[in-house]
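Novice: Using only what follows, build the 3D model:
(chains A and B)
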Amino acid sequence: MDLNVTWFLLVGVLLTGYAILDGFDLGVGALHLFTKTDKERRICLNAIGPVWDGNEVWLVTGGGALFAAFPMAYATVFSGFYTAFMLFLFGLIFRAVAIEFRSKQRAAWWRNAWDISFSVSSILSSLLAGVALGNIGRGVPLDVDFEYAGSFLTLLNPYALVVGLTTVALFAMHGAIYLVMKTEGDLHDKIRQWAKKAICIFAFFYLLTTIATFLLVPRMLDNFKAYPFLGIIPVLNVLVIANIFREFRKKRDGRAFISSCLAIVCLMVLFGIGIYPNLVWSNPNPEYSLSIYNAASSPKTLTNMLIIAIIGMPLVLAYTISIYYIFRGKVRLDASSY
Amino acid sequence: MDPVLLSRIQFAVTIGFHYIFPPISIGLGLIIVIMEGIFIKTKNPLYYKMTRFWVKIFALVFAIGVATGIVMEFQFGTNWATYSRYVGDVFGSPLAAEGIFAFFLESGFLAILVFGWNRVSARTHFISAMMVCLGAHFSAVWIVVANSWMQTPAGYHMVGEGVAARAEITDFWAMVFNPSTVERLTHTVIGAWQAGAFFVLSVSAYYILRKKHIDFAKASLRIALFVALFASVMQLVTGHDSAMGIARHQPAKLAAFEGHYENEPGKLWLFGWVNEKDEKVRFGIGIPGMLSYMVYGDTETPMTGLSSFAPEDRPPVNVVFQSYHLMVAIGMGLIALSVIGVFLLWRKKLFDQRWLMGIFVLSVLGPQMANQLGWISAEVGRQPWIVYGLLRTENAASKVVTANQVLGSLLMFTMIYIFLFALFIYLLDHKIKKGPGEADEPPAHHLA
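Specialist: Here you go, the predicted structure:
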C-alpha cells in the first residue's frame, strides 16, 4: 500500500470519525424541537454537552489533514464550494453558540430562540455536508488548472440533494439512538419510538440514494464491478441497520448505538470505494480530475505526516475513549450542566 | 471591488476577532493550573471556589474561540486557494499537527475540567487542567510555526513553474525551527499570559471596588498580579529578540517599524507620523543612533532603509509604524502597572488604592490591544508578501471566488461576530455579576 493510499484512508478515518461523533450531535440537534418541555430539552442537550466540541475537532483535523496530504483537492473543493461552505460554517458557528448560550438565561423567549437556532443550524450543516459529498461523488466541472468551473447552483443538483437529505436522515437516526442510550424513563421510551421511525425514514432515503447512484452516477459502481467481493460492504450495511431493531428489542441500547456507528462506517467505506482513486471527479472532463496522486503532497510530506499520525492518533483515541468512559451512563443534570 | 482586497479584509476581521479569545484561554489556563495546584496542595476551599469560577469563564471564552476558529482552518482553502496549492506541502503539516496534538487534547480534557467535578478524583481533575493548559500552548506552538514559516521560509525548495510552481518540503525540522519560530513563539505565548493575567486582574479589581467576594478577589488578584509582572517583564526580552530577528531576516519590516528610509544609522522613534510621500517621519521625537545601538550595539552602524527596496516591495509604512509603536507603549505601560501593583502589595497597601483598582479594571484592554497591534505589525509588515520573498499576497487568492461571494461572506461574518461579541460581553457580565458560587464547596472526595 503506497503513501497516497494510506493518506486516502487516514483522511477517510478522520472524516468517518467526524461523521460518527459529530453525526449524533447534529442528529440530536435535528430532533431538538420534537421535545417539548425545558427539562427534556436540557437532558438532550446535556447528552452531547461534554463531547460536542471535541467531536467537532475531528472535522478541523480532517480539514488540516486534507490540506497537508492533498492540498490541490483542499484548495479546489473549498474555493469551488465557497458559498455552500460558508453556509456550512454559519451553521456550525450557530450550533456552537446555541448550545453554549441556550441555558444561560431562564426567559422562555431566550431559550426558544436558541432551541430553534440549534435545530435549524444542525439540520443546515448536515444537509450541506451531505450535498458536498453528493457532489464529490457525482463529479463537478473542473478546468485545466483543476479550478472549479461551476457555480453555487451547479451544486444544488438532484443527486447531491438526495445525498444531503439522506445525511440529515442518517444523523437524525444516529442522534435518536444516541439519545435512547443516554436517557431514561418516559423520555427514553418516547425517543425509542422516534428512533424506530427515524430508521425507517433513513432506510427510505438509503434506498433512494442507491437507486439514484445506479441511475445517475454509475461510475461510482466501477470499483464494485471490478472487485465483486466489495459487494459485502452494502450487505453488511443493511445487516447492521437491521441489527439496530434487534438490539432495541433486547433492550441493549449501547449495542444499538454501536450498530448505528458501524452503519456510518459502512456508508463512508462505500463512498470511499465509489470515488477511489479520485478525490474530486471532474465531470464532464474526466482528464481534469484530482486523484490521490495528482492532488497529493510530496512523498516527504506524506511520510512526515504519517509519523505525526502514528504518534498522535493513538493519543487521540485514548483521550476520546477515556472521555466517553468518564461520561458514560444516563444524563444527570447538575450545576455545571448546560 | 477587488476580491483579493475583500479576502484580505475578511481574513483580518475573522482572525482579529478570533484572536481575542485564544490568548485569554492560554493565559487563563495557566492561572487555573496555579489555582487548582494551590488547592490540591493546601485543601483550602477558597482555591476550589476560585478554580470553579475561573473554569466557568474559561469555558465561555473557549466556546467562542472554537466557534470562530473553525473558520480559520478552512479559510486558506476557501479564499486563498492559490496560496494553499503553492505552500500546502509545507504549510499543511503544522495545521494538521495542531489538530492532532493540540485541539484534541484541549477539547477532550476541557470536558472533564468543566463537567467532571463529580465524576473524577481531585488529582485527575488537576491533571485535566494541566492538559487543557498544555493543549492551549501546543496550539500556539503549531500555529506560530506555520505563521513563522510565512515570515522566514526555511526547509523547502521550489518545484514546477508558472501555475504549477509550488514549495516542497526538504527538511521538516528546519521548517518547524525556521529562523523566526522561537522568538515569535515566546513573544506570542507571553503576550497570551498577559492577556489572561490582566483579565483576571480586571475582574478581581472590580470585585474589590464593589466590596464583593473580597477574599476570593484578593487571592485571585495576587496570583494574576505575579503572572502579569513576570510576563510583562519577560515580554521586554522576547520583544527585543523578535525585533533583532526581524532586523536580520526581514529588514523591510524593521525599517517600516521605525519609518527608516535611508541606509544610515537608525533612529529609535518614541512616536511620530510617517509621511510616505516624502519618506520622512513628521511630528516625532527620535533618539539618533539608538536603533543601530539596539541591533548592533553601536550607534554608528548604518541600517538597511526602505530606499533599498523597490516601492512595490515595501509594506504600508505608517500603519506598521503606528501599530508597532502603540504596542510598545502599551507594553511599557503594562510593566509599570504590574510593578506598581507588586510594590504596593509588598507594602500591604495595594487593596486600599481605589484609583489603581480602577486602572486594573480597565487594564484588560491593554494586552488585548497590544496583541492585536503586534499581529498587525507582523502581518502588515510582511506585505506585499504572503510568504516573505516568495509569493505575493495579490497572487495568492482563490481565482474562482468572485468579489460578490467574498462580500457576502464578509458581511455574514461581520454581522455574526458583532452579535457574538455582544452576546459574549452580556454573558461575561452576567457571570461576573453572579460571581463565584457561595455553594461551591469542594466535594468530599476532592478534600480526601
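Novice: B:V227 is in contact with B:S338, correct?
Specialist: No. With contact defined as C-beta atoms under 8 Å, B:S338 does not reach B:V227; the gap is 9.1 Å. Using the backbone N, CA and C atoms, a C-beta is placed for each residue, glycine as well.
Novice: Could you check which of the two has the larger neighbour count?
Specialist: Neighbours were tallied for B:S338 and for B:V227 using other C-beta atoms under 10 Å in any protein chain shown; the higher tally belongs to B:S338 (26 against 22).
Novice: and the more buried one, what does it touch?
Specialist: B:S338 sits next to B:L225, B:A228, B:L229, B:S232, B:V233 when contact means C-beta atoms under 8 Å, 6 or more residues apart in numbering or on different chains.
Novice: Just put those in a markdown table and tack on distance to A:A318.
Specialist: What follows is these, written out as a markdown table (distance: C-beta to C-beta, whole Å):
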| residue | distance to A:A318 |
| --- | --- |
| B:L225 | 38 |
| B:A228 | 36 |
| B:L229 | 38 |
| B:S232 | 38 |
| B:V233 | 39 |
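Novice: Drop anything exposed from these.
Specialist: B:L225, B:A228, B:L229, B:S232 (16 or more other C-beta atoms under 10 Å in any protein chain shown).
Novice: for the helix or strand hosting the last one, which positions count as buried?
Specialist: Following DSSP states H and E, the helix or strand that holds B:S232 is helix B:214-249. Of the residues in helix B:214-249, B:216-232, B:234-235, B:238-239, B:241-243, B:245-247, B:249 count as buried by neighbour count, 16+ other C-beta under 10 Å.
Novice: Ok, stretch A:242-254 next?
Specialist: Buried residues in stretch A:242-254 (16+ other C-beta under 10 Å): A:N243, A:I244, A:E247, A:F248, A:D253.
Novice: Now do it: everything it contacts.
Specialist: Contacts of stretch A:242-254 with the rest of the structure, by C-beta under 8 Å, 6+ apart, involve A:I177, A:V180, A:M181, A:R192, A:A195, A:K196, A:I199, A:R255, A:A256, A:S259, A:S260, A:A263.
Novice: contacting residues around the fourth one?
Specialist: This points to A:R192. Remark: with contacts taken as C-beta under 8 Å, 6+ apart, A:R192 is in contact with A:V180, A:F248.
Novice: Tell me the pLDDT of it.
Specialist: A:R192 is assigned a predicted lDDT (pLDDT) of 90.
Novice: how near is it to B:E106?
Specialist: Distance, A:R192 to B:E106, by C-beta to C-beta, to the nearest Å: 35 Å.
Novice: cool, and the last one?
Specialist: Taking C-beta to C-beta as the measure, A:A263 falls 30 Å from B:E106.
Novice: picking up where we left off before, Throw the buried ones among the contacts of B:S338 into a markdown table and include distance to B:L291 and pLDDT, thanks.
Specialist: Compiled in a markdown table, the buried ones among the contacts of B:S338 are given as follows (distance: C-beta to C-beta, whole Å; pLDDT from 0 to 100):
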| residue | distance to B:L291 | pLDDT |
| --- | --- | --- |
| B:L225 | 33 | 95 |
| B:A228 | 28 | 96 |
| B:L229 | 28 | 96 |
| B:S232 | 23 | 95 |
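Novice: Can you mark which positions in the worst-scoring helix or strand of chain B on mean pLDDT are buried?
Specialist: Lowest mean confidence among the helices and strands of chain B (mean pLDDT, DSSP states H and E): helix B:444-447, at a mean of 70. Within helix B:444-447, the residues that count as buried by 16+ other C-beta under 10 Å are B:H446.
Novice: who's in contact with it?
Specialist: For helix B:444-447, contacts defined as C-beta under 8 Å, 6+ apart pick out B:K43, B:Y48, B:W117, B:S121, B:A122, B:H125.
Novice: The last one and B:G116 touch, don't they?
Specialist: Going back to what we said before, that points to B:H125. Yes. With the criterion set as C-beta under 8 Å, B:H125 and B:G116 qualify as a contacting pair; they are 6.3 Å apart.
Novice: where along the stretch 1-150 of chain B do the strands fall?
Specialist: Along the stretch 1-150 of chain B, no stretch is classed among the strands by DSSP state E, counting those that start in this stretch.
Novice: Wasn't A:L279 part of a strand?
Specialist: Yes. Counting by DSSP: H, G, I helix; E, B strand; the rest coil, one finds A:L279 located in a strand.
Novice: Pull the number of nearby residues for B:G286.
Specialist: Look at B:G286: counted by other C-beta under 10 Å, it has 18 neighbours.
Novice: That one touches B:G266, doesn't it?
Specialist: No. The pair formed by B:G286 and B:G266 falls short of the contact definition of C-beta under 8 Å, at 9.2 Å.
Novice: residues near the closest residue to chain B within the stretch 1-150 of chain A, how many?
Specialist: Among residues of the stretch 1-150 of chain A, the one nearest chain B by C-beta to the nearest C-beta turns out to be A:P71. It sits 2.2 Å away. Neighbour count for A:P71, taken as other C-beta under 10 Å: 28.
Novice: For it, which residues are in contact?
Specialist: By C-beta under 8 Å, 6+ apart, A:P71 lies in contact with A:A295, A:S297, B:S84, B:R85, B:V87, B:G88, B:D89, B:G92.
Novice: same check, this time on A:T83
Specialist: Taking C-beta under 8 Å, 6+ apart as the criterion, A:T83 is in contact with A:F152, B:Q405, B:G408, B:S409.
Novice: Now do the SS call for it.
Specialist: Following three-state DSSP, we place A:T83 in the helix state.
Novice: pLDDT score for it?
Specialist: Note for A:T83: predicted pLDDT of 91.
Novice: neighbours around residue 152, how many?
Specialist: With no chain named, the answer covers chain A. Using other C-beta under 10 Å, A:F152 has 13 neighbouring residues.
Novice: actually it's chain B I care about, not the one you picked
Specialist: Number of residues near B:T152 (other C-beta under 10 Å) recorded here: 20.
Novice: That one against B:Q250, yeah?
Specialist: Yes. B:T152 sits in contact with B:Q250 when judged by C-beta under 8 Å, with a separation of 7.1 Å.
Novice: As a quick check, tell me the outermost residue of chain A.
Specialist: Centroid-distance maximum for chain A: A:A107 at 33.1 Å, with C-alpha atoms, centre = their mean.
Novice: So B:R382 versus B:F419, what's the distance?
Specialist: If you go by C-beta to C-beta, the gap between B:R382 and B:F419 works out to 31 Å.
Novice: neighbour-wise, which of the two wins?
Specialist: Shown here are B:R382 and B:F419; by other C-beta under 10 Å, B:R382 has more neighbours (24 against 12).
Novice: Let me see the confidence value for the more buried one.
Specialist: In this model, B:R382 carries a pLDDT of 93.
Novice: And A:P141, by the same measure?
Specialist: 89.
Novice: Count the residues that sit near it.
Specialist: Counted by other C-beta under 10 Å, the residues lying close to A:P141 total 16.
Novice: Would you confirm that it contacts A:P284?
Specialist: Yes. Between A:P141 and A:P284 a contact is recorded at 6.7 Å, counting by C-beta under 8 Å.
Novice: what ranges of chain B fall below the confidence cut-off?
Specialist: Low-confidence segments of chain B, defined by pLDDT under 70, span residues B:438-440, B:447-448.
Novice: In the record's domain split, what are the boundaries for it?
Specialist: Chain B breaks down into these domains under automatic domain parsing: B:1-180+B:398-448, B:200-249+B:251-381.
Novice: Figure out which of the ones you listed is closest to A:F204.
Specialist: domain B:1-180+B:398-448 (32.1 Å; C-beta to C-beta).
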